[in-house]
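In: Below are the sequence and a predicted model; questions follow.
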Amino acid sequence: MNISSRHASLALLFSNLATLAAHGADTSPPATELSRITVSEQIEGSYAAPNASVATKTDTPVLETATKVEVLTQQAIEDMGLQSRGMGRAMAALGIAGLGMEDLGDVYFYRGFQTSTTLWNGFRTEDIGSAASNGVNGPVWMDTVERMEILRGASSILYGRAEPGGAINIVTRKPRTEFGGSVDLGFGSYGDRWASIDFTGPLNDARTLSYRLIGGHEQSDSWYAYGHEYRSNGIAPSIEYRLSPQTRLYAEGQFRDVVGGSDQPYIPVVPGTNTLMDVDPAITLMPGTYSKFKQRRAMAGVDHQFNDNWSLTWKYMYNNADNPLTLLNWVIGMSYPPATPDIEWNRGLTYNISGQRTHATLLELTGKLDTGHVRHTLLLGADFYDQHSYQKAGGGTDPALYGWDWVTLYPYFNPPAYNYNPADFQDWQDWHINEKELSFYAQDQLELPHAIHLLAGGRYQHQRETVRDNVFPIPNQDLPITLDVFMPRFAILWQPVPTTSLYYSYTENQGTSQGMDFNLKPLKPEHSRQHELGLKFSPVGGRLLASVALFELTKANIAGVDTAHPGYNVEIGRIKSTGYELSLQGTLTDDWNVLATYNYAHPLVEIGTPPQDYSTGQVNNGLQPLDITAGTLLPYVSPRTFSLLTSYRLPGGWKVGGSYNAFSAATMDQNSTVPTHGYGVASAFASLETKLGGYKTIFQLNADNLFDKKYLQFQGDTGVWNPSNYVGGNWGNPREIRLGMKVQL
């Protein structure tokens, strides 16, 4: 079947089932209450989440989901004491490592692959390029998060273009028909202080109109001696109107400003030993670093229930993300041993100004029907993304120092102050990327006799893209890239007993398109194939779930430079990641919560791309970080990770708990000369629930990095092609103590 016939078949199937649903609405009695179509169940006050929708877009029991899924519940988030920020700590609780960028955005590793894509209520938000390191959207606002659903592995079938390793869906807090609210106040190390509110309830006597209002402010000093303070101010209103028992209209927004100074500091290397100099990490970030983000996001939708079995959902998202200014540290050279009593180097700043405007909409028809002894859960959907991203970057104006310099030969331990002056900078690039993506997808979940479950589905995707650099135009940049892709999905799951399931799944995934070849033919997008085999065990009705998954994930069509025709690309790269994942999540007793994971990934480059050649300007244009060399592992990945988060409720309103997250030494890129190291970080908390003025009040003390471990979350150096005496990296935060008080109304 060719692409056009698949397109027509999906459209015809969608039309026929919509007719069937409408007919069912005429012949069946109306439902007395509209159910939430994609909101998944979780047990209040627990780490257990029996159901999740991220892997199927239907509210499916995790035990019956034929892929690896984990959920970070609201209770787990509250136990960790996460305020406006803390996405990195949340991901570490699931054994997922990141680059430690914090204020600059969220970049994490799933099954060995780096991605910056985050789902917000089922809609894709992403930085420029599927594995970009320069933030556009900024960090997730944790104050608004109800739960986080993690899909391990390929996600393109349901959500479109993405890196293949996994996806995280941020589910925000929704309005309720009963009045409730909370006020949260607190303070902590490094001048941290916060205040947030969360109110919800009905707006009319009939309780058909309800609202939710979340607002928050957090501010803290940087633990780096020369870092910029962190500030977050935001408001998130939402409203829901039940037009009838069958129809629900809703809208929500997120309006937030974030200022910070996270960046990659530089650490001197002891000559001849390839070891880091023993310096206080707090002084490794030099003056001048700065980042600012404006998050303006809105979503509106309608859910309609035709009858007990059929429902229709339409949603629209507008995302306006602005990064007005980010200043980044870069080192030109370091003199060590120093010519003077202090280490000397030349240091410059580069700037980044970026933004993204996204209009996205989706339409989904969900239904249940029986054919003989087979029960079907059908999903038919279409989505459309119209996205414009831009990024302007530049550096200093002094060509004698490669355009980086604003001060030369200054002392490392006593750097001069810096005030931003736009006249010190010039543009190096001015990228504009326009993408339009129209997709149709279908999925059938079949319940067969003998407790056998099948899943079959596919996605047809049409994409049109243009890329332009206004500073250094690339060849044929005005020619649009048009791509058509079909991706299938299949899975089988068997429950030999109600508490146990075994499954196999096959999924394909589409990644980023990569420009044109010398014949002006668009390259095929990055394409992935995943095989997964798993076992799940839930002995107490969804309150506790243990699972193990084995996977083989191969990503191909990775672009490299055409060495015969500089400026053009060829499809040559291929990476195979194999590994396994284990997890235990839920409640061991009524008072004891646990979430534990162990993950292993081995992302081996089977076919590499040409190496960087900075002397000729033939730089690899693929989006993998730096070079990928055949026979090596992808850089910056911690192959083994372990995480444990637990809490125990004691008599008298007390609760205690803690976490431990361990990451093996990250793989080095081919230029590295300084070995990386693994690390483990322990945290603890204690809380007391009591009454204050008649209101339920919780006092909570959190101690993160309890033993003040000094560790690098990300480490990279370019010692092979540019021998130097320094390493860049992102340090993990030192010990932080926070004391909070939450009053629930």
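Out: Good, I have the coordinates.

In: what's near enough to touch Gly188?
Out: By C-beta atoms under 8 Å, 6 or more residues apart in numbering, Gly188 lies in contact with Ser220, Asn702, Glu736, Ile737, Arg738, Leu739. C-beta: built from backbone N, CA, C; applies to glycine.

In: what's the answer for Pro202, then?
Out: Counted by C-beta under 8 Å, 6+ apart, Pro202 has contacts Thr177, Glu178, Phe179, Leu209, Ser210.

In: Let me have those in CSV, extended by pLDDT.
Out: Formatted as CSV, those follow (pLDDT from 0 to 100):
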residue, pLDDT
Thr177, 95
Glu178, 95
Phe179, 96
Leu209, 98
Ser210, 98
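
In: Show the buried residues in those residues.
Out: Buried by 16 or more other C-beta atoms under 10 Å: Leu209, Ser210, out of those.

In: okay if I get the contacts of Pro202 as CSV plus secondary structure?
Out: Putting those into CSV (DSSP: H, G, I helix; E, B strand; the rest coil) gives the following:
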residue, secondary structure
Thr177, coil
Glu178, coil
Phe179, coil
Leu209, strand
Ser210, strand
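
In: Need the buried ones from the contacts of Gly188 selected in ChimeraX.
Out: Remark: buried members of the contacts of Gly188, expressed as a ChimeraX selection using 16+ other C-beta under 10 Å:
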select :220,702,736,738
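
In: For Leu104, give me phi and psi.
Out: Backbone torsions of Leu104, given as degrees, to the nearest 10, read phi -80, psi -10.

In: Contact partners for it?
Out: Asn134, Gly135, Gly138, Pro139, Gly260, Ser262, Asp263, Ser291, Thr326.

In: ok, the contacts of Pro202 vs Thr60, which is closest?
Out: Thr177 (25.6 Å; C-beta to C-beta).

In: can you count the residues close to the closest residue to that closest one other than its chain neighbours?
Out: Residue nearest to Thr177 in three dimensions, not counting chain neighbours: Arg207, with 4.5 Å by C-beta to C-beta, 6 or more residues apart in numbering. Neighbour count of Arg207, defined by other C-beta atoms under 10 Å: 13.

In: sec struct for Arg207, please.
Out: Applying three-state DSSP: Arg207 is coil.

In: same deal with the one 5 residues further on?
Out: Using three-state DSSP, the structure places Arg212 in strand.

In: just use 454 as the starting number from now, easier for me
Out: All set: I'll call the first residue 454, so the last point we hit is now Arg665.

In: Quick check: it vs Gly575, distance?
Out: Counting by C-beta to C-beta, to the nearest Å, the gap from Arg665 to Gly575 is 18 Å.

In: ok, back up a step: what about the contacts of Gly641, which are in helices?
Out: Of the positions in the contacts of Gly641, not one sits in helices, assigned by DSSP state H.

In: out of the contacts of Gly641, who's nearest Val1058?
Out: Glu1189 (37.6 Å).

In: For the closest one, list the residues it contacts.
Out: Gly641, Ser642, Tyr643, Asp645, Asn1155, Ala1156, Asp1157, Asn1158.

In: how does it look with 6 Å?
Out: Gly641, Ser642, Asp1157 (C-beta atoms under 6 Å, 6 or more residues apart in numbering).

In: I'd like these as CSV, with pLDDT appended.
Out: Output for those, formatted as CSV (pLDDT from 0 to 100):
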residue, pLDDT
Gly641, 97
Ser642, 97
Asp1157, 97
